[in-house]
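# sharing a model that was predicted from the sequence below.
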Amino acid sequence: MSTQKNIAILGSGNIGLALAKGLVKAGIYQPHQITLTRRNVAPLAYLAEEGYKITDDNEKATSKAHIVVLAILPQQLNKLLDEIKEGIKPKKHLLISVVSGVSCADIRQYLDIDVPVVRAMPNTAIAIGQSMTCIGSDNADKSSIALVKELFDTVGVTIPINEELMTSATALCACGIAFFLRSIRAASQGGTEIGFHAPDALKMAAQTAKGAADLLLQLASHPESEIDKVTSPKGCTIAGLNEMEHNGFSSAMIKGIKMSADIAAVLYKKD
Ligand SMILES: NC(=O)C1=CN([C@@H]2O[C@H](COP(=O)(O)OP(=O)(O)OC[C@H]3O[C@@H](n4cnc5c(N)ncnc54)[C@H](OP(=O)(O)O)[C@@H]3O)[C@@H](O)[C@H]2O)C=CC1
Ligand SMILES: O=C(O)[C@@H]1CCC=N1
């Protein structure tokens, strides 16, 4: 597979590690082909034992890799770019940025190098091969974009988007994991209040959410069409659903997603 090139993940926190583990789980990379960096490498010691290359030297990691993934916080980006700038070779390297709120042009402009940059917005379900990853770029050629898609296809579902929609993708898909988890948690708390032990309630709520999502994905149907099949006339579902809507259920989700998109757009300060 064309993705069999050494990869460096600069910033091995939540999403960086989820990506590394997902790629290994998918069989695309062996741990020894992946270099993981962070400043405090002590928490990565167990991964060194599994064969990953671990270092706090971003420049060295970049020099040995073809694909360089930027997976640090927006506020940490400029310092990291300062560290790797000298070692970036436009004909050798492909940069993949999962950093929220930072455009491909921002990265090139800061580096002052015309290197191909592709933005990818995965979510933490990447660790189990279930990410929804949005991919976009303003300068990478088709083969680079195809390579990034090929990479992320192994760890979930990908969709190409215009780069200007990347902050929206961040809110809907990356933050979205937390939104749906919170709704499952709330459902399980309701389940406990009506009689189930907490672990059972959580399992029942999670499997029910999974079934609801699969109804849409597997049948390609609309949520309201599936809801109509559940809501018996004068029944308990419509009573519960309307009670939730009277309390702002859909409105809260929509407003939360808009708020996340607004914040994602201003996470990066260029100076
Ligand atoms: N978490 C998520 O679900 C998603 C996050 N993202 C984006 O991914 C990025 C990372 O987010 P997340 O993983 O949650 O954040 P984390 O804080 O968990 O991870 C960031 C990591 O970067 C390391 N780091 C900081 N500075 C440097 C440096 N100079 N060199 C090397 N490593 C460094 C930190 O470790 P140390 O302090 O030891 O250096 C830390 O482990 C963000 O831009 C976020 O917006 C995108 C999609 C989903
Ligand atoms: O909360 C954040 O800022 C990051 C971006 C998307 C998910 N986590």
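Looks like it arrived, so ask away. Ligands and ions are numbered 1, 2, ... in the order given.
# quick check: closest non-adjacent residue to the closest residue to ligand 1 within the stretch 101-250 of the chain.
Closest residue of the stretch 101-250 of the chain to ligand 1, C-beta to the nearest ligand atom: Ala174 (3.7 Å). No exception for glycine: its C-beta is placed from N, CA and C like everyone else's. Spatial nearest neighbour of Ala174, excluding adjacent residues (C-beta to C-beta, 6 or more residues apart in numbering): Asn123 at 4.8 Å.
# near ligand 2, which residues of the chain show up?
Within the chain, the positions adjacent to ligand 2 are 100, 170, 174-175 by C-beta under 6 Å from any ligand atom.
# other SSEs contacting the strand or helix carrying Ile145?
Element membership of Ile145, judged by DSSP states H and E, is helix 142-153. Here helix 142-153 touches strand 94-97, strand 117-121, strand 131-136, strand 156-160, going by 3 or more C-beta pairs under 8 Å, 6 or more residues apart in numbering; DSSP states H and E.
# before we move on, the earlier item: and the residues of the chain next to ligand 2, which two are the farthest apart?
Ser100 and Cys175 (9.1 Å; C-beta to C-beta).
# would you mind listing the residues touching both of these two?
Common contacts of Ser100 and Cys175 (C-beta atoms under 8 Å, 6 or more residues apart in numbering): Ala264.
# Provide the backbone phi and psi angles at the closest residue to ligand 2 within the chain.
The nearest approach of the chain to ligand 2 comes at Ala174, 3.5 Å away (C-beta to the nearest ligand atom). Dihedral pair for Ala174: phi -80, psi -50, per degrees, to the nearest 10.
# what's the per-residue pLDDT of it here?
For Ala174, the pLDDT comes out at 98.
# neighbours of it, how many?
23 (other C-beta atoms under 10 Å).
# does it touch Ala125 like I think?
No: Ala174 is beyond contact range of Ala125, at 10.1 Å (criterion: C-beta atoms under 8 Å).
# picking up where we left off before, residues in contact with the residue of the stretch 101-250 of the chain closest to ligand 1?
Per C-beta under 8 Å, 6+ apart, neighbours of Ala174: 100, 121-123.
# which of these tops the neighbour count?
Going by other C-beta under 10 Å, Met121 tops the contacts of Ala174 with 29 neighbours.
# now the helices and strands packed on helix 142-153 in JSON lines, with mean pLDDT?
Formatted as JSON lines, the helices and strands packed on helix 142-153 follow (pLDDT from 0 to 100):
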{"stretch": "strand 94-97", "mean pLDDT": "98"}
{"stretch": "strand 117-121", "mean pLDDT": "98"}
{"stretch": "strand 131-136", "mean pLDDT": "98"}
{"stretch": "strand 156-160", "mean pLDDT": "98"}
